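Colleague: Have a look at this fold, sequence not included:
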């Protein structure tokens, strides 16, 4: 009996030594069924695509955040696209859950940061889904969709696709309905689409189908925010850049008084956009005389105030406006009364920039032009 007790004590002691030697650890806790973990090396990419298609709502929500984390790395970005992440994300833009749709649009923004991803979005019909999300019942989904589209419009391929799908008409209508933040994003997307190469189709779509000129002139009203007015002026300058009929329409919609008022804006970006648009519409006769009509409201004084070589592009565009308006005899008279030729001579003498000096010389010649008797 004593021997058996001593053997038992010796076994317990040996077991204690073994436990102390290897440490006491609890049994591992199983992962939750909704846990989303990153796969090891190359297994991570097909794994995230599989989890994006999971039936469990929580898994889909979490996997979208994990996908954004992966897409943040340039190396992982390419591997994710190759594994087929784009169609999985686009499918989730139609999910019943608003949070999933919002995160899917946010993931699409990550994809659109590179032209590879932008092309993949187009290939799998993502543009149509993102534009549809702009009218989503959930406001965060709309915000995320606007951001994704704006990110993608850095590339001509995305701009061309938006134009081909006639999405510019939809965007113009939404700009007029949305609150300021989303309307501003919509205007930025429209501006990007009009600045692509061979933009004739985009301009015709906005001018003829969306009737954008009258709507954009309305966005130049004083009650609009400065940011909206600036983007509206930029869009108007592009809409009136090619077609004479568009320039005449802008004048008939009373764009010139608004643009002249914006020449005196404290934000130079807004003033530059107004000068660029005014430069376009004063090419036609109607625009020149619309500018002449503003002389009693201080229009020529604001134009003279922009003739400051320190203002760079604003000064250059303002001198082109002077050249355009000086083609009308009444315009030359108004310019001379405001002392514009004196300001131009000062710029010509002091400017070190060759572009400014050349523009000033041309404007001086236009102001000194005499009509034949």
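Modeller: Good, I have the coordinates. Owing to the predicted nature of the structure, the values given are computational and were not obtained by experimental measurement.

Colleague: Just the residues contacting the longest helix seen in the chain, thanks.
Modeller: Assignment by DSSP state H gives helix 2-22 as the longest helix of the chain. Residues outside helix 2-22 that contact it (CB atoms under 8 Å, 6 or more residues apart in numbering): none. Placement of C-beta: from N, CA and C, glycine included.

Colleague: State the next helix or strand along the chain beyond it.
Modeller: Scanning forward in sequence from helix 2-22 by DSSP states H and E, the next helix or strand is helix 44-52.

Colleague: Just the buried residues of that next one, please?
Modeller: With burial defined by 16 or more other CB atoms under 10 Å, the residues of helix 44-52 counted as buried are 44, 45, 46, 47, 48, 49, 51, 52.

Colleague: So which elements touch that helix?
Modeller: Packed against helix 44-52, as judged by 3 or more CB pairs under 8 Å, 6 or more residues apart in numbering; DSSP states H and E, are the following elements: helix 57-71, helix 74-83, helix 85-92.

Colleague: angle of that helix against helix 74-83?
Modeller: Here the directions of helix 44-52 and helix 74-83 differ by 60 degrees (axes from the mean of the first three to the mean of the last three CA atoms, to 10 degrees).

Colleague: what mean pLDDT does helix 44-52 have?
Modeller: Helix 44-52 shows a mean pLDDT of 90.

Colleague: Make residue 1 into 18 and carry on from there
Modeller: Happy to do that; since the first residue is 18 now, the last one works out to helix 61-69.

Colleague: Okay, angle between it and helix 74-88 too, please.
Modeller: Going by the same axes, to 10 degrees, helix 61-69 makes 150 degrees with helix 74-88.

Colleague: just how off-centre is helix 61-69 within its chain?
Modeller: Centroid separation between helix 61-69 and its chain, computed with CA atoms, centre = their mean, to the nearest Å, is 30 Å.

Colleague: ditto for stretch 122-141
Modeller: That offset, for stretch 122-141, works out to 15 Å (CA atoms, centre = their mean).

Colleague: For the closest residue to residue 280 other than its chain neighbours, give its distance to residue 187.
Modeller: Leaving aside its sequence neighbours, residue 280 sits nearest to residue 319 (CB to CB, 6 or more residues apart in numbering; 4.3 Å). Distance, residue 319 to residue 187, by CB to CB, to the nearest Å: 36 Å.
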